Structure formats: structure tokens, C-alpha cells
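1. no letters, just coordinates:
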């Protein structure tokens, strides 16, 4: 034990600083919802400020420390609050890009200002001296550090429980608009939280300063270790976060005693990231749940005409073919740039198409370079085969990284991939199966006949063109649609029959495959590859660049690769890389603060459109609300939507059903059959409880094909909960759900959808950034993609036509055919409801669950919606289960009605019986005379 | 006479292009109780959002306690004496009952204030240490009222406080509201149980499709007409989709001839 004590003491000291940094991170993350990847960069600024004041200007350490913690920290906090507010409406990838941009920019700025050559150190400034603790010498400075951190944690915990401003911070996390109504400004509250959080980061920077040589990368990474501690504390609990910091510090310190060579030698540095990754893998989902966000993703409205894209491709290709003629010695950089295009395409598939952020992409390129060398040199595998195998090696690793994406998604995915990247560097880069520990670099051979630089350039060009074509096809095909759909609403994708987990794993595997190949090709261009060419923080720069670049695939990737690789090739000077980093960082912040990705500049768009004869198409679809236009049948008036995008419609055409109801079964084979097989949804003894609250209890329900069944009840009666239990979005506490007599209680939403259960949502779940046609098409092909990864990407022969038919018919059935090319996000409520219904009907749904379809519709739209429902039932024989507030719609449309009140069934009968029922009247009126019908759930619930 | 505690004049407001409210006036005199009625979609919640500062009107003026507040943030209006209990539960679900109350109490009043609240809602004292989100709906609603009460507002706007609550609990809530009114606080009630609201109110304000169709004393109101308006589905009244809130509504069924507005 006594020989462990020194390691424990050292570990506690470092761990206390981790803990201090981590609680600062948690405070800001919880109050603002912005996870600050630049938390470590704040510590860096503070450490250098301390150095500047204390070492260079001779300020006494207490004053210097006070300035850093009480002035520098809070000022940075105020700036961060501005940034956080600016990006509050942005999608997750942009919010992540913003703080990554700060990190990248601060690192570059510090490097530019202080240079990299001079050794800069801060002497230990805390009281010197030591004392004996059970045979171990303990430095006073360590003790002071530890006590300071503990005191700060306890103080902050008490502050958040007792003080009004502290309570306000927690209240702001919980419900900021309510805090505002309660008389406290959420903005001021958040600003205070940022100031506290950044000051803690600043304090950790000052405490770290004497521990090691000043280096922006090292300092940043040291504080990044706090992520692991924050993960232990579930990004919520301050005491647990601090304890997590101590635990990581002590374990890492002990590891440095226990493991000095072999695979585990990297464990001391890698441990926090291992912890981070492990926590995200094994913690129960509910512990890490984030607030559901509804941020509308805005994809560029303008897409260059195909003719232009083809012309551009030809011009670029010809240019690239001529490159070896004029670039001379820089041909290697050009080759690397081409390979980098593949890497950016792979990252774009994740970040740009599917809205998922990978912060470990450099890891895949490192794996690619190492695996390729091992295969081609040591394994003697033929070159091209080795290249393909290299890609395949990365696939299972990509799949592993997809696990946090499946479990937690969003931010946690970004964190896990970041942890993975750093872990890879610390633990595996130096292993023999990667770059080995000698640092001499791995030989990267070229294939026979392509040894020359020029020949190899053309080979890479060929592969890059192939990769571009592959990614372009993926993006424009079914997978691209599914990925964009997933970015908008995973829930809607699942209820369309797609196993979203498969989609997520698939995109990660494809991305990993491409990144590894790109990494290998770039390494081969340089003939050798060593570990230091793959710093994990470079992944952050990659993401920043991918977010800044504009244009569709592959253009953004070409632009990104040129900016990253070619610009420094043509600019001399030691500081170019730092300047470049600074520009990327600042640009990423600016783009994120604008809350949308850059688009092609307007004059260029106009010029392209003018040249390629598509005048007037550049105007974006205007957001309009047709609910006001009482005079016109909604959806029929071309004036409702920007005229440039919607062809004029003959009002008569949409007033009469486009599909003649008198001819059912007219013709086309499709995903949606002409007439569905009979089926029945049954619910037996359903109970759903949330904690102590009973949402539904003892509910029996059935809905069959060919009729409309109503489910009504006052607000909060448990109708939507019942729907969620039926469609698999909520797991019942008790009871069973049967579809055609088959128990589906344990099946997920996608499986149920494939069995014929479709649904719409009260808060509509649409793929906002996709067109009406693509929305409906996903309904048609969701079941085809299902859980099959190959069918995700490659439609079976004939499926394309089937999907098109089913899409067209569903759009016609729901009167939205004229809107086919309009983005759903731009449509008014009435038409959105119809699009959601059409999406349901395009698939094989036999029973549709419609949740308040008339909400937000005016009476005309409601009436029309009712007609369409009747038509759908009559023509296709589908069954509908309808939750609805509009009693006239319910009473006129339904064949049978179930009534819920306080989660319990109180009545079942025909519309007439419901109309006459005193129980139903009592439920709606709250009539005290019949109070007993409403069981006192309040008591149970408490 | 002092200035009205809340004065909305010429309010036009909405989300996106379509105005939900068109040129609506609402005045709440000190100590009065106003029932704000109208079918679903008439714009009642929108009007409360405009009053509380959560939605900026495209035209019109908001005055709280006589002071112009049209563009003021919600917290400034709260400090000027306006309190909104929003639809759903107006509590901080992750904070305990005591923390919810403490948030509303300046430090110097800490000793005295909870007593006042706990006397009115004994259940809250029992559950002072409980996390608010784990309480029942009725208890949360009481906490929301208690929080509001501590702020000593001049006017309280209540959006469907009885929603989802058992009748017995609604009785308790209304008893508490009566107590609040007895202290001289003005109330604006948006309420699904029309009769309860009418029984309590001294003024009625009827909104239909975003415009005022009646203002006056409860006795002047043609109650049957109101109930018909709540029915929904009749031709001339597109927004009336909040059917079924009354017995006569459920009994009438669809296709009832529309009752003309009895503009006061």
C-alpha cells in the first residue's frame, strides 16, 4: 500500500484539477445547452495569461492568478454567452462546429503569438515545502491545489442549491421560458453560469501551468480529459463529476506505475478517454438523455442545374488531368489533396448528409495508412487488394463507433468519436500493429507501373473520381434520402419502416471505409507514414472545414481539400499552418453563428442560372400560411406557395379527387397495395406509467381495417400515450399489443410499421428539408429498406418504378401532387398534414394511427381531410384509428369510438351512444354530480 | 381610479404570415376577474403570450400597471406585477417544491413567505423536499399557483389551469383562485369549464377566430350561443374545433346552425 500512496497523492492532485475543469464544463453545458469543446482552450488562454503576467511581467502570483480567474475567465464567459445565444437556433453539427472553431482558433492564435520554438515554463508558485503523510512526502502545493478544488466544488454545489441565482441557473436548464415568466432573465442567468464555468476552466489552467511545459495542444488535451469526468457525473451532477475527476486522476496515476510497456503503456494518458468512451457505451440511456430539440434543418434551397454540374465536372476533370504538366515539384501535394477529397467526402456523408458529427475521423485515416502498410509490405498482399482490405479493416471500427450514435446520438456521438480518436493516439499509434514505437515511419509502397509520381497521381485521380461518383450516387439515391430523412426526424423514419439503427451503422461503415482508403492513398503519395502525421485534434479542423465548405457533393470536398492541402503548398513560411487554422476556426464560428451552412454566393447562382437557362429558379420557396386563405381551397391556390416553384394548378383538379374513387384497384402494382389485406390492431390491458404518473391503465382497444375507429377524451387523458404504445415508441408497463393476432409488444416501431401499422403525429414529424415527393417516397420505400443494409443503398430491380408509382398515387390520393417539388418546411399546416398522411399511405400500412390530424386546420381543410379519410377507407380498405379533438369530425367519421379519461377507459360505443352518454359528458364538462366516474388518479399518482 | 393592471389595445399578432389575433382589445381593471373564452384556435393562448411578452405583436400596445411594455421581455413584466401560469404545469419540474418557492422569494422575505403559502396549500408543506416533476398534476398546479402567489402579482393570467385534473382537484384550485382574488389580485381565466369561469368572473371576453365578439358582464352573455360556438364544425365558424366541452355541445352534434355573434 505504502508504495502506492505517492501515486495516489499525485493522482488526487491532478484529478482535482480535472474535476475542477469538469464541473465548470457541466455548469455551462447544463445551463446553456452548448457543450463547450473549447473548455480546454480557455484553460490554455488562462495559463498563458498567467505566464505573461507572472513570468514575463513579474506580477506577484496571487494577483496574476486573481486576474486570470476573476477577470480573464469571466470576460471569456461573457463572450461565450454571446456565441451560445447566436448558435442557439442552429443544428447540432453547427453548434459543435462553433466551439470546435473556438478551440482551433485559440490554439492557432496562441501558437502564432508565442511561437513554437522557445520553451516556456511557469515555476511552481504555490507555497513550497512538504510534509510526511504515512511515509509519503506530500508537497504543500499539491495539498493547496486539492483543497482549492474541493472547496470550489462544495461551494458551487451549495450555491446551486441555496442561492436564488444558483437556483435560477438550474431553473433555466429546466425551463427557460418559465424562468423568464417568473421574473428572472434567462439571458442574465446563463451569462452568469458561463462566467462561473469559464472561470473554473481558467483556474484549472493556472493550476496546470506549473505542472508541465506550456503547450497549447497539451493544455487543451489535459482539460479535455475533464470530459471523462463529466461523463461519470452524467454531465449533470457536480459532486459525481468531481469524484469522477479524482477517480480518473488516481487510476491514471496508478496505471503509470503498473503498466510501463506493451499495449497498456498508453493507458495513463488514454484512461480518461477510455472512461469517456466506456461511459457512453454502458451508462443507461436515460441517465444521459438530452432534451428533445426541434430545430429545423435548412438545406440550401438552390441546387445548380444538372447541366452545369456535368459541365463543371468536365472542366475540373480536364484541369486535374493537366495538373502534372504545370505543378512541378508540388505534384505530391496535389496527389495528397486528391486523396483528401475522399476523406472529406466520407466525413461529409456523416456531417452534411446525415447530421452526425464524427470527431475522430483522423483516426480512420491513421488506421488506413497503418493497415495498408502492414498489408502491402508485411503481408505481401497485392496493392489494389491491400487497398480494399484497408477499407474493410476500418468498417468494423466504424460500426463500433456507431454504437454511441445508436444509443445516444447527437452530442454524445461527437464526444465518443473524439474519445476514440485520442485513445487511438495514446494507446495504439505506438503499437507494432500500427505505427510502432520507433517513430521511423511505415513504408507505403506504390503498385507496379505506378511508382512514378505522375503515374501515381493519375491512379489516385482515377480512384478519387470513382469515389466521387460513388458518393454522388449514394447521396442522390435511396440512401441519401434516408440519411437526410434521419437527420430531420429519426422517429418519422422509424415509423416509415426503416430500422434507423441499421441506417446509422451503415453510414458509419461506409464513411470509415472511404476515410481509411483516403488515408492510405495520401500516405502512399508521401511514401512513408508516421504517427505524428495523425494528431487527433486535426479531426476537429476537418469538421470545421466540412461545415464551412459549400456546394453539393463532391464540390464541397474538392474545395475543402484544396483549402487544407494546396494552400499551404503554395504559401511559404512556418506560420502558414497556424494562420490557416485560425481562418478555419474563425470561419466555423461565423458560419455557426449565422445558424446555417454557407450556400453558393448569390451572384454566382444567378450567373449559373442565366447561363444554363433556368431564370427565376433561384428564389427560395417562401414560407406561407394558407390557413388564412379561407376563400380558396387550401393547396389549390398556386399563390399560396412561391409561384416560381409550383406549377400553376387548375383549381378544379384539386377540388375533385385526382384518383377517381369509383374505380378502385385501377392498375398499378406498388409498395402500397390497391386493396389491403384485412387486419386488426388489438390492445389488451394496456398500462403505461411514467415514474409515479399513470398515463394509461387497463385499456382494451381494437381497430380493424375497413373502418374508422375514434379515440377521444379530454386533454391529458392518455390518448397520445396509447398511440405511442401501439406504434412502439413507448414500452407499456403492462398489457399487450397485437397486430393480426400476433403479439408485437416487444417489437420496435420500424418492425411494426413493416407489419402494416402507419402513424402520423400531432406535432407533425416530417422530413422538413426534403421535398413533398421525397417525404412520400420514404413512406413508400421505408419498408423496402427495412433492416437490410444492402436494400438501404441499392434498390432491388423494379423497386424504383414501384416507389415512383406508389409515391405518385399517394400524393394524388391526398391532393398534394401539385406540390411534389416543394420543400415540406415551406408548407402551411393543412398541406403538411396531408403530406404526412400521404407518406403513411405510400407504404404498406393497413392500419393508420392519426393523432389529431385536424389540429391547426380550418373547417374547410378539416372537412377535406375527413373526405380523404373516407376515400382512403373506401378505396383501399385501410383501417384508421383516430385521435381527434374536433368532435364533429369524430362523430361524423367514426364507426366506433373509445373514450378515455384520466388514463382509464370510460366508454365504448357508436357515435350516437357517445353523444348520449352521461359519463362522456361528465368527463368533458367536469360535472361534479358524476364525479365518481373519474377515478381519483391524483391520489395514485402522488 | 388607478390605471388598469393590464391593458392590451389593438393587438394583431400571430406566427409566421397569418395573424392569429386581429385588432383585439382587453382591459383588466384592478381587482377584477376576467373570463377569456372562445373555442379552440380562437387565439386565447396567443393573447396571453402577447400579454406576458412571449410573443411580440405585429401591431398594438401592451401596458402593465400603466407602463408601456409592448416590447419588454417577460421577466420585466413579471416584475411589474404580471404573472402567467402557462398551460401545462408552470413549475420547474427538476427542482424541489421548496426550491421552486425559494426562487420566487427575495432573501429578506425568506423566513415569512413559505408560511403564507403552506397555510393555503398544506400539501406543499408536506412535500417540500419532493422534486416537483414527481408530484401529481394537481399538486404541480397548486405549486404553480403558490409560486405565482409569492411574486405578489397585480394580475395573474391562467391558461387552462384545470386541464387534465379531476373535478375534486379543480375545486381546490378554484378555491385557491378565489383566495388569490380576495387579496385584490386581478385574474384572467382561460378555462375549458365555461360554467366555472362564468361563475367566478365579473367580466367576460369572448374571442372568435382571432377577434373580439363579446365583452361585458357574464349576465349579458347569451350562454347558449357560447356553447354553440364551442361546438365546432358548423359552416360559418371555421376555427370552432374545440367541440365537446359542454353537454349541449355533445348533444347537438354536427351540423347545428350557427348562432350569430351577440356583440356586446
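-> Cool, the structure landed. Computed from a predicted model, the values in this text were never measured in an experiment. Numbering: from 1, shown residues only, chains lettered A, B, ... in the order given.
2. after the longest helix along chain A, next one along is what?
-> Of all the segments assigned as helix in chain A under DSSP state H, the longest by residue count is helix A:5-32. Next helix or strand after helix A:5-32 toward the C-terminus (DSSP states H and E): helix A:39-50.
3. chain center to that next one: distance?
-> 29 Å (Cα atoms, centre = their mean, to the nearest Å).
4. ok, stretch A:448-462 next?
-> Per Cα atoms, centre = their mean, the centroid offset for stretch A:448-462 relative to its chain is 38 Å.
5. show me which residues of the longest helix along chain B are buried.
-> Ranked by number of residues, the top helix in chain B under DSSP H is helix B:167-182. Along helix B:167-182, the positions that meet the burial threshold by neighbour count (16 or more other Cβ atoms under 10 Å in any protein chain shown) are B:167, B:169, B:170, B:171, B:172, B:173, B:174, B:176, B:177, B:180, B:181. All C-beta spots, glycine's among them, are computed from the backbone N, C-alpha and C.
6. now do the strands in the chain.
-> Just so you know, I chose chain A. Secondary structure of chain A (DSSP state E): strands at A:130-133, A:136-139, A:442-443, A:528-529, A:680-690, A:693-704, A:708-712, A:734-739, A:742-743, A:757-759, A:847-851, A:879-883, A:896-901, A:904-909.
7. ah, no, chain B please
-> B:6-15, B:18-28, B:33-37, B:59-64, B:67-68, B:82-85, B:155-159, B:186-190, B:203-208, B:211-216.
8. which single residue of the stretch 201-350 of chain A ends up nearest chain B?
-> When distances are taken as Cβ to the nearest Cβ, the stretch 201-350 of chain A approaches chain B most closely through residue A:236, which lies 9.7 Å from it.
9. that residue: neighbouring residues, count only.
-> Applying other Cβ atoms under 10 Å in any protein chain shown, we find 15 residues neighbouring residue A:236.
10. same check, this time on residue B:222
-> A count of neighbours around residue B:222, defined by other Cβ under 10 Å, yields 15.
11. swap in residue A:603?
-> Other residues near residue A:603 come to 8 when the count uses other Cβ under 10 Å.
12. how about the stretch 751-900 of chain A: which residue is closest to chain B?
-> residue A:888 (2.8 Å).
13. show me what contacts the residue of the stretch 201-350 of chain A closest to chain B?
-> The contact partners of residue A:236, taken as Cβ atoms under 8 Å, 6 or more residues apart in numbering or on different chains, are A:26, A:30.
14. apply 10 Å and report the result again.
-> With contact taken as Cβ atoms under 10 Å, 6 or more residues apart in numbering or on different chains, residue A:236 is in contact with A:26, A:29, A:30, A:173, A:230, A:287, A:288, B:94.
15. mark which of the residues you listed are buried, thanks.
-> Neighbour-count burial within these applies to A:26, A:29, A:30, A:173, A:230, A:288, B:94; the criterion is 16+ other Cβ under 10 Å.
16. contact partners for the first one?
-> I take that to be residue A:26. Counting by Cβ under 10 Å, 6+ apart, residue A:26 touches A:35, A:156, A:197, A:200, A:226, A:229-230, A:233-238, A:240-242.
17. in helices only, show me those residues.
-> In helices, judged by DSSP H, the following of the contacts of residue A:26 are found: A:156, A:197, A:200, A:226, A:229, A:230, A:238, A:240, A:241, A:242.
18. how about the fifth one, what does it touch?
-> Residues counted as contacts of residue A:229 (Cβ under 10 Å, 6+ apart) are A:15, A:18-23, A:25-26, A:240-249, A:272, A:275-276, A:279.
19. what's the answer for residue A:848, then?
-> Contacts of residue A:848 were listed using Cβ under 10 Å, 6+ apart, and they are A:703, A:705, A:708, A:756-760, A:837, A:840-841, A:869, A:872-873, A:878-882.
20. rerun at 6 Å
-> Contacts here follow Cβ atoms under 6 Å, 6 or more residues apart in numbering or on different chains; on that basis residue A:848 touches A:758, A:840, A:878, A:880.
21. what's around residue A:583, how many residues?
-> A count of nearby residues for residue A:583, using other Cβ under 10 Å, gives 17.
22. so how far is chain B from it?
-> Here the distance between residue A:583 and chain B works out to 37 Å (Cβ to the nearest Cβ, to the nearest Å).
23. and the gap between residue A:385 and residue A:510?
-> Applying Cβ to Cβ, to the nearest Å, the value for residue A:385 to residue A:510 is 20 Å.
24. higher neighbour count, those two?
-> residue A:510 (23 against 12).
25. what about the closest residue to chain A within the stretch 51-200 of chain B, how many residues nearby?
-> The minimum distance from the stretch 51-200 of chain B to chain A, using Cβ to the nearest Cβ, falls at residue B:164 (2.8 Å). Using other Cβ under 10 Å as the criterion, residue B:164 is surrounded by 20 other residues.
26. got it, and residue A:143?
-> Here the count is done by other Cβ under 10 Å, and residue A:143 has 19 residues near it.
27. any idea how far residue A:128 is from it?
-> 12 Å.
28. residue A:345 and residue A:471 touch, don't they?
-> Yes: in terms of Cβ atoms under 6 Å, residue A:345 counts as a neighbour of residue A:471; the distance is 4.6 Å.
29. compare those two (neighbour count), which wins?
-> When residue A:345 is set against residue A:471 and neighbours are counted by other Cβ under 10 Å, the residue ahead is residue A:345, at 30 against 25.
30. contacting residues around that one?
-> Counting by Cβ under 6 Å, 6+ apart, residue A:345 touches A:471, A:557.
31. same question, residue A:8
-> Taking Cβ under 6 Å, 6+ apart, we find residue A:8 in contact with residue A:250.
32. look up how far residue A:278 lies from it.
-> Taken as Cβ to Cβ, the spacing of residue A:8 relative to residue A:278 amounts to 22 Å.
33. again, but for residue A:13
-> Distance of residue A:13 to residue A:278, computed by Cβ to Cβ: 24 Å.
34. just grab the bridge partners of residue B:83 for me.
-> When bridges are taken as DSSP bridges, the partners of residue B:83 come out as residue B:156.
35. so can I have a markdown table of the buried ones among the contacts of residue A:236 showing distance to residue A:338 and pLDDT?
-> Below are the buried ones among the contacts of residue A:236 laid out as a markdown table (distance: Cβ to Cβ, whole Å; pLDDT from 0 to 100):
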| residue | distance to residue A:338 | pLDDT |
| --- | --- | --- |
| A:26 | 43 | 92 |
| A:29 | 39 | 90 |
| A:30 | 44 | 86 |
| A:173 | 47 | 82 |
| A:230 | 40 | 89 |
| A:288 | 40 | 68 |
| B:94 | 52 | 87 |
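36. just give me the closest of the residues you listed to residue A:99.
-> residue A:29 (10.3 Å; Cβ to Cβ).
37. now do the contacts for the closest one.
-> With contact set as Cβ under 6 Å, 6+ apart, residue A:29 has these partners: A:35, A:235.
38. what's the local residue count around the nearest residue to residue A:63 once chain neighbours are set aside?
-> Distances taken as Cβ to Cβ, 6 or more residues apart in numbering or on different chains place residue A:53 nearest to residue A:63, at 7.6 Å, with adjacent residues excluded. Counted by other Cβ under 10 Å, the residues lying close to residue A:53 total 20.
39. now residue A:53: how far from residue B:133?
-> Note on residue A:53: its distance to residue B:133, by Cβ to Cβ, is 47 Å.
40. same question for residue A:416.
-> Here the criterion is Cβ to Cβ. By it, residue A:416 lies 29 Å from residue B:133.
41. tally of neighbours for residue A:866?
-> Residues near residue A:866, counting by other Cβ under 10 Å, number 22.
42. sorry, wrong one. I was asking about residue B:75.
-> Neighbour tally, residue B:75, other Cβ under 10 Å: 20.
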